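In: Could you look at this predicted model? Sequence included:
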Number of protein chains: 2
Amino acid sequence: MSVQSYNPTTGESVDTAIAESSRGDVAAACAAAAGAARELATRSLDWRAQWLEAIAAALEADATEIIALADAETGLGVARLGGELKRTCFQFRFFATVVRDGGFLEASIDHATDSPMGPLPDLRRQLVPLGVVGVFGASNFPLAFSVPGGDTASALAAGCPVVIKAHPAHPRTSKATFDAISRASTQVGAPEGSVNLVFGLEAGVALVEDPRVSAVGFTGSYAAGRALFDRAQSRPVPIPFYGELGSVNPLVVTPAAAAARAQAIGEGVVGSVTLGSGQFCTKPGLVFVPAGDAGDALVAAAVAALVAGAGATMLTGPIRDRFESGVEFLDQVRGVECLGRSGRSSSDAGSYAALFSCDVATLEGEHEALARECFGAVAVFVRYGSSAEVLEAISSLEAALTFSVHAVDDDPDGPALLAAGVAKAGRVLVNGFPTGVGVSWSMHHGGPHPAATSSLHTSVGATGIRRWLRPVCYQNLPAPWLPEALRDDNPLGIPQRVDGVLRVADR
Amino acid sequence: MSVQSYNPTTGESVDTAIAESSRGDVAAACAAAAGAARELATRSLDWRAQWLEAIAAALEADATEIIALADAETGLGVARLGGELKRTCFQFRFFATVVRDGGFLEASIDHATDSPMGPLPDLRRQLVPLGVVGVFGASNFPLAFSVPGGDTASALAAGCPVVIKAHPAHPRTSKATFDAISRASTQVGAPEGSVNLVFGLEAGVALVEDPRVSAVGFTGSYAAGRALFDRAQSRPVPIPFYGELGSVNPLVVTPAAAAARAQAIGEGVVGSVTLGSGQFCTKPGLVFVPAGDAGDALVAAAVAALVAGAGATMLTGPIRDRFESGVEFLDQVRGVECLGRSGRSSSDAGSYAALFSCDVATLEGEHEALARECFGAVAVFVRYGSSAEVLEAISSLEAALTFSVHAVDDDPDGPALLAAGVAKAGRVLVNGFPTGVGVSWSMHHGGPHPAATSSLHTSVGATGIRRWLRPVCYQNLPAPWLPEALRDDNPLGIPQRVDGVLRVADR
């Protein structure tokens, strides 16, 4: 059966003439990747950086075609998709910087010494590539979290070949971006089999189960992520499965902040909730607002902003249907009030945005219904009476990718809320909205379960590379056999910890 | 039922009057630990370092009692156990150094900036404690890998409370060392519930399943480790399970090395195989020796050294029985020759040491029997004809904790063997024996499955602390709310990556 490309704006489906990958196809892709792995691991950091830069350039060269295909397949619009492609290319170049910096190797040299536990031999440690990485593209970012996304960029940066499973919501975009990556890889002389693409649900399962795959990166729903996680862990040889699964992303407005900036916060919340039709894993889903006049004004400003909207195209029909079911379900929860809906987009997968409200007691009583992510442009305002009440409510929530606090300078409620957020989330924000996830050295995009399957690692930012590396200790190696990163003369000019002291080379 | 303390030398059992922990006891311990977690996370790095140092001092103060109990419960001898206690105390002090260094926090500051993907907010990242850590003591190191072992030391260093499951082979040692840790914790004012001890098989299962436990460290057999790993991964909220499970630890002697140092290598192998009655997870189990005269001389030297020995006391009767079954099984494999056995110790759990030999073809044909760890003082010499033959044999082995190469300067076979070892093991050694695992910045003690359940992390050395930490990103925080590690003026004097540039503070 060949793969269909659905246009959520027009409802048209195009036959892509791409066949779904069989288990044999997946096995062949994994074998090709495994064949590339050892050679790839030997390439210099500088070569690896050039490879990533060549991929960025190839994607830019194909920008017009890629953006048009992505718009046809997602309905996200050329402005957003142009920005997403910029981010995608920036991400490849950013990882080139990370690779050249070399700190990610965690190079450490302990010369032979005496210690209270006796003589210690010469010991040196660095990280080495883990092997073949399986990557699952996401529906909601056809570029930045899909075939040319952060999982692919960080895996290649680590020196690992990839086998990418295209998301069915954008097969032609997947193919076009893969072709650019593939062309750039050939140009710079990457080993044959370094990048591979497969299609189809069965291919995804086969990828997680293939014995040549050493780790998997996934962005998507909790249900799909957990099912694949379980398969990865129950293999004869379990492998790391890094699932970034989304969350309800609590946002708390303190009484002082509501008093100071009701209008701006209310409108800001709606901007964040409706961005990309609410199809962000970082969409704020529960917004805690104080009871009383200032909170009322904030909510009123939000509702006014929301109902003025015309709705938007969602990624696929089934995503739209699940969203609308979720909204209808919320609407029937006792104690939950619908504050308003936007207009409805007339696109084939068009829908609306909606806001609800309840009090803290209702949230406590209806946790299953209210404290779970509903993927799409919907949020619930939870009205609270006291600081103690909101802290108590937060403590019973599941962990999240993000936790936002709107506060004022010297806000008496700020520090306690922030501490509560650190306990619950991978990223805490003050006076901001969580839907922007910057690619940077300090970004962490992840969090405790169920936000992610591993709270130790991130899917965005420099340290995402750590997922695809394992340490090796070299004991008593003759100098000529040492990897360059671990030589005393530090020819790569990278950070090295030498006899316990971190040293940064002048460059 | 109360816990029995068995003396493997005399065969006597002593009733410890310690009750096995019920599921309720484990739940209470985990609740106490969870109660301590948040407070513990707020303590300063310097306080945490002092805590670790106080524990080292308390263990030293109780050294005479601890060593006597450990010797009675393990038969390992006071010399070895005195050394192990030194290592154990050094390990706590070493982690105090790691904590004060502060590099483990991975502090990173990105000031707000413009980027090709648009404006980026102020983003800062550090690692924070994961929460309650479950620790499983090992049989073979009653101190260094047990109650006061590396998992405990690194977890406390990370700011995580621990619930430790004592190994049944040394309950009184576990209790005595726990009492020292507990006393030191009270002295320095650690939060109530920071350290906890439970006993019994059922308690171990309950510990892995308790919802308050955030991660588990384990040292032991593959069968037990995999069973607990599977439980940890199939929880409603899966948690990291770091199992260090042992391996066959291949050691390869090149023809040039055999020609140069047959006697020394042969005797060195036996020293490593018989150390601690072979009860090391790093014991070399498969020793590849070239066919021909030099190899013959090496093997002859090894056999002469081994048969002169008197055997030794093993840790428990069941461990001795499993060892001897394993040896008898090897003895019946077609193509495997028994080269010799040592005398047998007359201790209650006394046994012997044994060496076997086969060729590469036999290893290939009898992989299940020969390429698996047999815990105890036994090794198989595998005689090979050519470099290609030994590389081929190595490529079909399972991954290991260690991989050793004995070679000469400019050895033509050295680099290829080393590369093969890096692909297969967590630590590669040249001209050494794997049974010493130094506590240092560069040590890595782990490896790909089945040597460990996570190849990304280590159970020994500074970076073992990374297992108990997760990143948090702080976005746009007002300066007064920033954690000290992330302040622009760097009051802790720790390494910080600032706007992508790693900086080391002058101290």
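Out: Received, thanks. Numbering: from 1, shown residues only, chains lettered A, B, ... in the order given.

In: pull the longest helix from chain A.
Out: helix A:78-101 (DSSP state H).

In: And that helix, what does it pack against?
Out: helix A:45-61, helix A:63-74, helix A:150-158 (3 or more C-beta pairs under 8 Å, 6 or more residues apart in numbering or on different chains; DSSP states H and E). For every residue, glycine as well, the C-beta is placed using N, CA and C.

In: and it, what's its mean pLDDT?
Out: Average pLDDT, helix A:78-101: 98.

In: In that helix, which residues are buried?
Out: A:80-96, A:98-101 (16 or more other C-beta atoms under 10 Å in any protein chain shown).

In: mind giving me the domain ranges of chain A?
Out: Here the domain parsing of chain A from automatic domain parsing is A:28-104+A:129-245+A:455-469, A:251-430.

In: After the helix or strand bottoming out on mean pLDDT in chain A, which helix or strand is next? Please name it.
Out: Between all helices and strands in chain A, the lowest mean by mean pLDDT, DSSP states H and E belongs to helix A:367-370, at a mean of 84. Moving toward the C-terminus from helix A:367-370, the first helix or strand encountered (DSSP states H and E) is strand A:378-384.

In: Can you name every helix or strand that that next one contacts?
Out: Short answer (3+ C-beta pairs under 8 Å, 6+ apart): strand A:378-384 packs on helix A:255-274, strand A:286-290, helix A:293-307, helix A:317-331, strand A:354-359, helix A:360-365, helix A:387-395.

In: ok, residues contacting the last one?
Out: What that stands for is helix A:387-395. A:250, A:252, A:288, A:360, A:363-364, A:382, A:384, A:412-413, A:416-417, A:420-421, A:424 (C-beta atoms under 8 Å, 6 or more residues apart in numbering or on different chains).

In: which residue packs closest to A:A203, ignoring adjacent ones?
Out: A:S21 (4.0 Å; C-beta to C-beta, 6 or more residues apart in numbering or on different chains).

In: these two touch, right, the one you found and A:L201?
Out: No: counting by C-beta atoms under 8 Å, A:S21 stays clear of A:L201, with 10.1 Å between them.

In: circling back to that earlier point, on the pLDDT front, check the residue nearest to A:A203 for me.
Out: 98.

In: Report the separation between it and A:D210.
Out: The gap separating A:S21 from A:D210 is 12 Å, by C-beta to C-beta, to the nearest Å.

In: cool, and A:V390?
Out: 47 Å.

In: and what of A:Y352?
Out: Counting by C-beta to C-beta, the gap from A:Y352 to A:D210 is 42 Å.

In: Over to A:V287?
Out: A:V287 is 43 Å from A:D210, by C-beta to C-beta.

In: who has more neighbours, those two?
Out: Ranked by neighbour count (other C-beta atoms under 10 Å in any protein chain shown), A:V287 and A:D210 place A:V287 first, with 29 against 23.

In: where does the stretch 301-450 of chain A come near chain B, residue by residue?
Out: A:409-410, A:414-415, A:418, A:422-423, A:425-432, A:436, A:438-446, A:448-450 (C-beta under 8 Å from any C-beta of the partner chain).

In: now with 6 Å?
Out: A:418, A:422, A:427-430, A:432, A:438, A:440-444, A:449 (C-beta under 6 Å from any C-beta of the partner chain).

In: Keep only those of those residues that are in strands.
Out: A:427-430 (DSSP state E).

In: residues touching the residue lying closest to A:D151 once chain neighbours are set aside, list them.
Out: Distances taken as C-beta to C-beta, 6+ apart place A:G217 nearest to A:D151, at 3.4 Å, with adjacent residues excluded. Residues in contact with A:G217 (C-beta atoms under 6 Å, 6 or more residues apart in numbering or on different chains) are A:135, A:151, A:242.

In: most surrounded residue in these?
Out: For those, neighbours tallied by other C-beta under 10 Å; top is A:D151, 31 neighbours.

In: thinking that residue is in contact with A:F136, fair?
Out: No: look at A:D151 against A:F136 with C-beta atoms under 6 Å: they stay out of range, at 7.8 Å.

In: Of the domains of chain A, flag the one that's most buried.
Out: domain A:28-104+A:129-245+A:455-469 (a mean of 23; mean count of other C-beta atoms under 10 Å in any protein chain shown).

In: got the end-to-end distance for that domain?
Out: End-to-end distance for domain A:28-104+A:129-245+A:455-469: 24 Å, by C-alpha to C-alpha, to the nearest Å.

In: Make JSON lines from the residues of the stretch 301-450 of chain A next to chain B and add distance to B:R320 and pLDDT to it.
Out: JSON lines is the format used below for those (distance: C-beta to C-beta, whole Å; pLDDT from 0 to 100):
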{"residue": "A:L418", "distance to B:R320": "56", "pLDDT": "96"}
{"residue": "A:V422", "distance to B:R320": "50", "pLDDT": "97"}
{"residue": "A:R427", "distance to B:R320": "53", "pLDDT": "98"}
{"residue": "A:V428", "distance to B:R320": "54", "pLDDT": "98"}
{"residue": "A:L429", "distance to B:R320": "59", "pLDDT": "98"}
{"residue": "A:V430", "distance to B:R320": "61", "pLDDT": "98"}
{"residue": "A:G432", "distance to B:R320": "63", "pLDDT": "97"}
{"residue": "A:G438", "distance to B:R320": "59", "pLDDT": "95"}
{"residue": "A:S440", "distance to B:R320": "57", "pLDDT": "97"}
{"residue": "A:W441", "distance to B:R320": "54", "pLDDT": "98"}
{"residue": "A:S442", "distance to B:R320": "54", "pLDDT": "98"}
{"residue": "A:M443", "distance to B:R320": "54", "pLDDT": "98"}
{"residue": "A:H444", "distance to B:R320": "49", "pLDDT": "98"}
{"residue": "A:H449", "distance to B:R320": "42", "pLDDT": "97"}
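
In: Give me the subset of those residues lying in helices.
Out: Those of these lying in helices (DSSP H): A:418, A:422.

In: and which of the residues of the stretch 301-450 of chain A next to chain B is nearest to B:G193?
Out: Nearest to B:G193, judged by C-beta to C-beta, of those is A:V422 at 20.4 Å.

In: residues in contact with the residue nearest to A:A203?
Out: Counting by C-beta under 6 Å, 6+ apart, the residues that A:S21 touches are A:198-200, A:203.

In: Just put these in TSV and tack on secondary structure, pLDDT and distance to B:C374.
Out: Output for the contacts of A:S21, formatted as TSV (DSSP: H, G, I helix; E, B strand; the rest coil; pLDDT from 0 to 100; distance: C-beta to C-beta, whole Å):
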residue	secondary structure	pLDDT	distance to B:C374
A:V198	strand	98	41
A:F199	coil	98	46
A:G200	coil	97	45
A:A203	helix	98	41
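
In: so which of the residues you listed would you say is closest to A:A70?
Out: A:F199 (16.6 Å).

In: Double-check the closest one against A:V3; I have them as touching.
Out: Yes: with contact defined as C-beta under 6 Å, A:F199 counts as touching A:V3 (5.3 Å).

In: Now whatever helix or strand the residue nearest to A:D151 lives in: average pLDDT?
Out: Using DSSP H and E, A:G217 maps to strand A:213-219. The average of the pLDDT scores along strand A:213-219 is 98.

In: where does chain A have low pLDDT?
Out: Chain A contains residues with pLDDT under 70 at A:506-507.

In: ok, now with 90
Out: Along chain A, segments meeting pLDDT under 90 span A:1, A:116-118, A:246, A:366-372, A:505-507.

In: and whichever helix or strand A:V208 is part of, what other elements does it pack with?
Out: A:V208 is part of helix A:201-209, with elements assigned from DSSP H and E. With contacts taken as 3 or more C-beta pairs under 6 Å, 6 or more residues apart in numbering or on different chains; DSSP states H and E, helix A:201-209 sits against helix A:23-42, strand A:162-165, helix A:222-233.
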